[in-house]
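Peer 1: sequence plus predicted model, see below.
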Amino acid sequence: GDSVTQMEGPVTLSEEAFLTINCTYTATGYPSLFWYVQYPGEGLQLLLKATKADDKGSNKGFEATYRKETTSFHLEKGSVQVSDSAVYFCALSPMIKAAGNKLTFGGGTRVLVKP
Amino acid sequence: DGGITQSPKYLFRKEGQNVTLSCEQNLNHDAMYWYRQDPGQGLRLIYYSQIVNDFQKGDIAEGYSVSREKKESFPLTVTSAQKNPTAFYLCASSIVGRGDKETQYFGPGTRLLVL
């Protein structure tokens, strides 16, 4: 079945440091890929997405490129702020929707940015 | 102001009691979903519905029940058969489609605790 693997946290960084969170997936064909962010005690917010190979999703300084050859969708930000402290989830939606539009999530990566 | 609302924010359940979590959306989305999140883990799908009066089990449906009598509403009942209900419950909705249309949007969540 489909699966998403992302690096375990916590990831602790200083403000203005470069952030990378690795995400790889297993799925048939060309799934859609997503990054969601969750702040403490809140629901998930869509951060960015890519729906076909070589697409780059970007939002709020974050970027991720859909790499079919490496089945990856790594999240990057060039200069993090304290306000970026959150849990980040990588997720996929299957190309063939035999079971509805089900999202498969990675385990989440907690990021802590220190001033 | 469109969005997804969940209530209550916190819910306490006694042994042997059924409790119902509310989820309402005014985004005119056809599909709605319920996920469970345990500490330090990703989200797991409980139930989903793509159309009124129809719903399907997700990966962890045992001990839960749902209804979909209105497009806007998708309540989740945690029954006494669910032996480990303590978790953060998230509702989501989406348009039924492919690509950009399939993005799921999440509510703020309900935290369920057992007394």
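Peer 2: On my side now, so go ahead.

Peer 1: check which helix or strand covers the most centrally placed residue in chain B.
Peer 2: For chain B, the residue lying nearest the average C-alpha position, counting by Cα atoms, centre = their mean, turns out to be residue B:34 (2.7 Å). Per DSSP states H and E: residue B:34 is located in strand B:31-37.

Peer 1: what about stretch A:4-18, how long is it end to end?
Peer 2: 23 Å (Cα to Cα, to the nearest Å).

Peer 1: stretch B:95-104 now?
Peer 2: End-to-end distance for stretch B:95-104, by Cα to Cα: 8 Å.

Peer 1: any idea how far residue B:45 is from chain A?
Peer 2: Distance, residue B:45 to chain A, using Cβ to the nearest Cβ, to the nearest Å: 6 Å. Quick note: C-beta positions are derived from backbone N, CA and C, even for glycine.

Peer 1: can you tell me which residues in chain A are near chain B?
Peer 2: Within chain A, the positions lying close to chain B (Cβ under 8 Å from any Cβ of the partner chain) are A:4, A:32, A:34, A:36, A:41-46, A:49, A:51-52, A:89, A:93, A:97, A:99-103, A:105-108.

Peer 1: re earlier: partners of the residue nearest to the centre of chain B in the sheet?
Peer 2: Following DSSP bridges, residue B:34 is listed with bridge partners residue B:47, residue B:91.

Peer 1: what sits against it?
Peer 2: If you count contacts by Cβ atoms under 8 Å, 6 or more residues apart in numbering or on different chains, residue B:34 has them with B:21, B:23, B:45-48, B:58, B:64, B:66, B:74, B:76, B:89-92.

Peer 1: if you set the cut-off to 7 Å instead, what comes out?
Peer 2: Applying Cβ atoms under 7 Å, 6 or more residues apart in numbering or on different chains, we find residue B:34 in contact with B:46-47, B:66, B:76, B:89, B:91.

Peer 1: most neighbours among those, please name it.
Peer 2: Neighbours were tallied for each of those (criterion: other Cβ atoms under 10 Å in any protein chain shown), and the maximum of 28 neighbours falls on residue B:91.

Peer 1: which residues touch that residue?
Peer 2: By Cβ under 7 Å, 6+ apart, residue B:91 lies in contact with B:4, B:6, B:23, B:32-34, B:74, B:107.

Peer 1: for residue A:108, what are phi and psi?
Peer 2: With angles defined as degrees, to the nearest 10, residue A:108 sits at phi 90, psi 150.

Peer 1: ok, it to residue B:19 distance?
Peer 2: When Cβ to Cβ, to the nearest Å is the yardstick, residue A:108 and residue B:19 sit 26 Å from each other.

Peer 1: which of the two has more neighbours?
Peer 2: The neighbour count for residue A:108 versus residue B:19, taken as other Cβ under 10 Å, is higher for residue A:108 (22 against 19).

Peer 1: ok, the lowest-mean-pLDDT helix or strand in chain A: who's next to it in the sheet?
Peer 2: Ranking every helix and strand in chain A by mean pLDDT, DSSP states H and E puts strand A:104-105 at the bottom, with a mean of 91. Using DSSP bridges, the strands paired with strand A:104-105 are strand A:86-93 (antiparallel).

Peer 1: and the strand it pairs with, how far from the chain's centre?
Peer 2: For strand A:86-93, the distance from its own C-alpha centre to the chain's C-alpha centre is 4 Å (Cα atoms, centre = their mean, to the nearest Å).

Peer 1: again with stretch B:34-49
Peer 2: Using Cα atoms, centre = their mean, the distance between the centre of stretch B:34-49 and that of its chain works out at 8 Å.
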